[in-house]
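Novice: Whatever this is, show me its structure:
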Amino acid sequence: ETYKYVARVMFENKFYKAAHEYMEKSKKIFYNDPELHFMFAKYYIQSREYQDAEFYINECLKILPNYFPAIKLKERISKFI
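Specialist: Numbers count the residues shown, from 1 in each chain. You can find the predicted model right below:
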């Protein structure tokens, strides 16, 4: 949780590289965290890497299929692919 929290703070303050590093650390500890995959998807949208964003939003929805923010973000990603 700590790495994910730091990643969220870094992302919101536009320290994207640092956010990504902390998300990677968090992923090594608990891969099956849907919110973490959601954060990765947002990161990759910001980086305009839409294929990676699609991968992570799909991972999120595999874990938590009814996660409404992820469903909405997937719709947004699909407009870029």
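
Novice: Show me the shaky parts of this structure.
Specialist: Along the chain, no part satisfies pLDDT under 70.

Novice: in it, which spans are helices?
Specialist: Secondary structure of the chain (DSSP state H): helices at 2-12, 16-29, 34-46, 50-63, 68-78.

Novice: Provide the contact partners of stretch 52-64 at residue level.
Specialist: Residues from elsewhere that reach stretch 52-64, judged by CB atoms under 8 Å, 6 or more residues apart in numbering: 32-35, 37-38, 40-45, 67, 70-71, 73-74, 77-78, 80-81. The C-beta positions use only the backbone N, C-alpha and C, and glycine is treated the same way.

Novice: cutoff 10 Å now
Specialist: Contact with stretch 52-64 is made by 23, 27, 31-47, 49, 67, 69-78, 80-81, as judged by CB atoms under 10 Å, 6 or more residues apart in numbering.

Novice: still on that earlier bit, tell me which of the helices of the chain is the most buried.
Specialist: The highest average neighbour count among these, using mean count of other CB atoms under 10 Å, belongs to helix 34-46 at a mean of 21.

Novice: what angle separates that helix from helix 50-63?
Specialist: Interaxial angle of helix 34-46 relative to helix 50-63 (axes from the mean of the first three to the mean of the last three CA atoms, to 10 degrees): 160 degrees.

Novice: what's the closest non-adjacent residue to residue 27?
Specialist: Spatially, and ignoring its direct neighbours in sequence, residue 27 is nearest to residue 36 (6.2 Å; CB to CB, 6 or more residues apart in numbering).

Novice: which residues touch that neighbour?
Specialist: Taking CB under 10 Å, 6+ apart, we find residue 36 in contact with 1, 3-4, 7-8, 23-24, 26-27, 29-30, 56, 59-60, 63.

Novice: Much appreciated, bye for now.
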